[in-house]
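Enquirer: Fold the following and give me the result.
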Amino acid sequence: MWRASLCLAALLSAASARVTSTQAPSRQPARDTPAATGGSGVIRGRIVDAATGRGLPRAEMRAGPNALQFPNRIVMSDGDGRYEITGLPAGTYVINAFKANYVNTSWGAERVQGPGKRIPLAESQVLEKIDLAMSRSGAITGKIVDEFGDPVTDVFVTAMHYQYVQGSRRLTQNGRGGSTNDLGEFRIYGLTPGQYFVSATLRNFNGMIGADTTDRSGYAPTFYPGTGNVADAQRLTIAPGQTAPGINVSLLPIQAAKVSGIALDADGKPMGGTMLNAMQRVGAAMVGSTASAIRPDGKFTLTLTPGDYVLRVFAPGGGDGAFTELTVNGSDIDDLQLVAAKPSTIRGRVAFTASATSTDPPKPTAFDLGAVRDWAIGQQVRSPAKIQEDGTFEISLQPGHVLIRGALAGAQPPPPAQGVPAPTWRLSRVIVNDIDVSDSGIDVPANGAIENVVVEMTNRSNEASGRVTDGDGKTVRDCFVIVFAQDPAHWTVQTRQLSVARPGLDDLFHMRLLAGDYYAVAMSDVETNAWTDPDFLSLARERATKFSIADGEKKTIDLPLSAAPVF
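Expert: Below you'll find the model as predicted:
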């Protein structure tokens, strides 16, 4: 059935985009309010169920300039699945469809959830028959039982799959997970096609989490069909619209451990009268969260099953709390100290490079500046700066390794698919004690301060552009061009030496880059955020083209189309 659905989707997506000068029909679908303005172009079509051909009402239709950008026009389909997006300026658009219980779909995609084809639209042009077919999302159903075969209620069950998150492939939650009912039954729905692991976690076994008890029996987070190790778990392949029934899991009985300790504020005083939150982590997802009261003397006791946890103490009155990651292996943990840290501080000033092309730069307060750190569950990733009129700034943050990143607040230059991005102010360098720490970062000490940080902004740009061709020498528009630094030291999540674009109306891709040495590669289909993974870039460079670009230089790099690397 799902193959038939894909065939119908392909036929509808491949339907010709007929250009006419006709007026819109009298019956128009509901559209967003206020009405979109800024152009006179129109895109209209119909959205249907891929399996039945029935028009889908109230599907959210989005027209965006680029698959990598947020959409700029949104309407809802009418009762027959017809939609019309008006007020579009000339440009290149991707049409995306969203509806509950269906897989997100892009016009012209060659696979389910694949990247859509871009549609060139001239001023005042009307494009008709931009039709899409949506496949229903998948589901997994089953039952959770204990070691005696009895159903277990209040078990959190979720489907997990690997995707790129902040520079690596991590196990993350997909679809709508939920708790088992009184019969131990569960249903996970809203699944996109792919491979999944089913994870079951008893959130609060017999009220033990947060309780001081002599009963140490519990259940470990369990993957289908009945293992605590994801490496031994069975993958389930879910096709569009498929429901996988009978996925029954027997929870693994395990000896729990008692975790006890004390929570102290930054002055060493007990943090009594507050709460301790224990969140259990599986991969990059949290599968359970339980709060427990801390006694007036600051002491606490938890009974936890083996696993990885994030423990956070919320300070009274919203003050600074304490945070730690904890691995429980079955043995008791005594005298654990959770100590709140006073915020550290980064102070400095905003400056402009001598090579900036404007004699009238924006006010320093017009910039959005902040310190960012590697992503971790339960931690604040970005700490914003408070910038004064004289350009001085201060960032209050927790200690650790951070990078300073900044841009002109609210700046939204035209995306690469539309042509050359408009010049805008961006980060040039971060200087601490005459050392460039733009990409090496700053180590912020606990209860300390980093002073005299100079953040240089520039609107000087270096332009790279080129054409992508396939094996027959034909120009390719529907592809991704990835440009990244030759030096692997810059293959980080927050690197400034990475750019991703797609060719535009002129059949060229356009990028603005910092001066440096780069690789460039063009691929027809790339998983979102794969370019943040050093392992992906290591394989991609084998088929990439080397080039260098100097300050103020414009360079042309023509690229052959390559297949994405396979792990």
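Enquirer: where does this protein dip in pLDDT?
Expert: 1-38, 65-72, 203-216, 283-290, 315-320, 355-359, 375-379, 410-423, 567 (pLDDT under 70).
Enquirer: Report the residue ranges of every domain in it.
Expert: Listed domain ranges for the chain are 2-134, 138-340, 344-458, 462-562 (source: automatic domain parsing).
Enquirer: starting at the chain centroid, how far to the shortest one?
Expert: Averaged C-alpha coordinates place domain 462-562 at 21 Å from its chain's average position (Cα atoms, centre = their mean, to the nearest Å).
Enquirer: In the chain, which residue is most central in space?
Expert: For the chain, the residue nearest the mean C-alpha position is Val165 (6.4 Å; Cα atoms, centre = their mean).
Enquirer: Tell me both backbone torsions, phi and psi, for that one.
Expert: In terms of degrees, to the nearest 10, the main-chain angles of Val165 are phi -130, psi 110.
Enquirer: and Ala51, that's in a helix?
Expert: No: counting by DSSP: H, G, I helix; E, B strand; the rest coil, Ala51 falls outside a helix, being coil.
Enquirer: Now the phi/psi pair for it, please.
Expert: phi -80, psi -30.
Enquirer: Check Pro534 too.
Expert: Residue torsions, per degrees, to the nearest 10, at Pro534 are phi -60, psi -30.
Enquirer: i'd like the first residue to be 42 from this point on
Expert: Fine by me, first position is 42 from now on; the one you just mentioned is Pro575.
Enquirer: That one: what's it in contact with?
Expert: Gly208, Pro529, Trp532 (Cβ atoms under 8 Å, 6 or more residues apart in numbering). Backbone N, C-alpha and C define where each C-beta goes, glycine included.
Enquirer: That one and Asp592, how far apart?
Expert: Pro575 sits 27 Å away from Asp592, going by Cβ to Cβ, to the nearest Å.
Enquirer: Likewise for Glu164?
Expert: Using Cβ to Cβ, we find Glu164 at a distance of 36 Å from Asp592.
Enquirer: likewise Val509?
Expert: 26 Å.
Enquirer: More neighbours: these two, which one.
Expert: Using other Cβ atoms under 10 Å as the criterion, Val509 and Asp592 rank with Val509 on top: 28 against 13.
Enquirer: Identify the residues contacting that one.
Expert: So Val509 contacts Thr516, Val517, Arg518, Cys520, Val522, Pro544, Phe550, Ala563, Asp599, Leu600, Pro601, Leu602 (Cβ under 8 Å, 6+ apart).
Enquirer: Show the buried residues in those residues.
Expert: Among the contacts of Val509, those classed as buried by 16 or more other Cβ atoms under 10 Å are Val517, Arg518, Cys520, Val522, Pro544, Phe550, Ala563, Leu600, Leu602.
Enquirer: Where do the strands of the stretch 292-441 of the chain begin and end?
Expert: All strands of the stretch 292-441 of the chain, identified by DSSP state E, counting those that start in this stretch, fall at 293-296, 298-305, 316-323, 326-334, 340-345, 348-355, 363-369, 374-380, 385-393, 408-413, 423-428, 433-438, 441-449.
Enquirer: Nearest to Gly179, out of those?
Expert: strand 326-334 (18.5 Å; Cβ to Cβ).
Enquirer: re earlier: which among the contacts of Pro575 end up buried?
Expert: For the contacts of Pro575, buried by 16+ other Cβ under 10 Å: Gly208, Trp532.
Enquirer: Of the contacts of Pro575, which is the nearest to Val413?
Expert: Closest approach between the contacts of Pro575 and Val413, by Cβ to Cβ: Gly208, at 12.6 Å.
Enquirer: How about Asn493, nearest residue that isn't a chain neighbour?
Expert: Gly389 (6.2 Å; Cβ to Cβ, 6 or more residues apart in numbering).
Enquirer: is that neighbour in a bridge, and if so with what?
Expert: Phe434, Val494 (DSSP bridges).
Enquirer: before we move on, what about Ile476?
Expert: Under the criterion used (DSSP bridges), Ile476 bridges to Val473.
Enquirer: now it: how far from Val391?
Expert: 18 Å.
Enquirer: can you tell me the distance between the two ends of stretch 536-550?
Expert: 21 Å (Cα to Cα, to the nearest Å).
Enquirer: Now that stretch: buried residues?
Expert: 536-546, 549-550.
Enquirer: what do you get for stretch 222-233?
Expert: Those would be Gly225, Phe227, Arg228, Ile229, Tyr230, Gly231, Leu232, Thr233, for stretch 222-233 by 16+ other Cβ under 10 Å.
Enquirer: burial of the residue lying closest to the fifth one once chain neighbours are set aside, as a residue count?
Expert: Sequence neighbours aside, Ala180 is the residue nearest to Tyr230 in space, at 4.3 Å (criterion: Cβ to Cβ, 6+ apart). By the other Cβ under 10 Å criterion, the neighbourhood of Ala180 contains 20 residues.
Enquirer: mind listing what the nearest residue to Arg467 once chain neighbours are set aside touches?
Expert: Nearest residue to Arg467 in three dimensions, chain neighbours excluded: Ala448, at 5.4 Å (Cβ to Cβ, 6+ apart). Counting by Cβ under 8 Å, 6+ apart, Ala448 makes contact with Phe408, Asp409, Thr465, Trp466, Arg467, Leu468.
Enquirer: and the third one, how many neighbours?
Expert: This points to Thr465. Neighbour tally, Thr465, other Cβ under 10 Å: 14.
Enquirer: Helix, strand or coil: sort out it for me.
Expert: Relying on three-state DSSP, one would call Thr465 coil.
Enquirer: doesn't Asp187 make contact with Trp290?
Expert: Not Trp; residue 290 is Val. No: between Val290 and Asp187 there is no contact under Cβ atoms under 8 Å: 10.4 Å.
Enquirer: These two: who's more crowded?
Expert: Val290 (24 against 17).
Enquirer: what about the more buried one, distance to Asp119?
Expert: In terms of Cβ to Cβ, Val290 sits 43 Å off from Asp119.
Enquirer: How about Ser333?
Expert: 51 Å.
Enquirer: Of those two, which one has the most company?
Expert: Asp119 (20 against 16).
Enquirer: Tell me how far the more buried one lies from Ala174.
Expert: 17 Å.
Enquirer: try Ala581
Expert: 32 Å.
Enquirer: Next, Asp576: phi, psi?
Expert: Per degrees, to the nearest 10, the backbone of Asp576 is at phi -70, psi -40.
Enquirer: how many neighbours does it have?
Expert: For Asp576, using other Cβ under 10 Å, the count is 14.
Enquirer: Over to the one 3 residues further on?
Expert: When counting by other Cβ under 10 Å, one arrives at 12 neighbours for Ser579.
Enquirer: Spatially nearest residue to it, not counting backbone neighbours?
Expert: Per Cβ to Cβ, 6+ apart, closest to Ser579 is Pro529, 7.4 Å.
Enquirer: same deal with Thr199?
Expert: Gly218 (3.3 Å).
Enquirer: Pro425 too?
Expert: Pro425 sits nearest to Gly411 (Cβ to Cβ, 6+ apart), 4.6 Å away.
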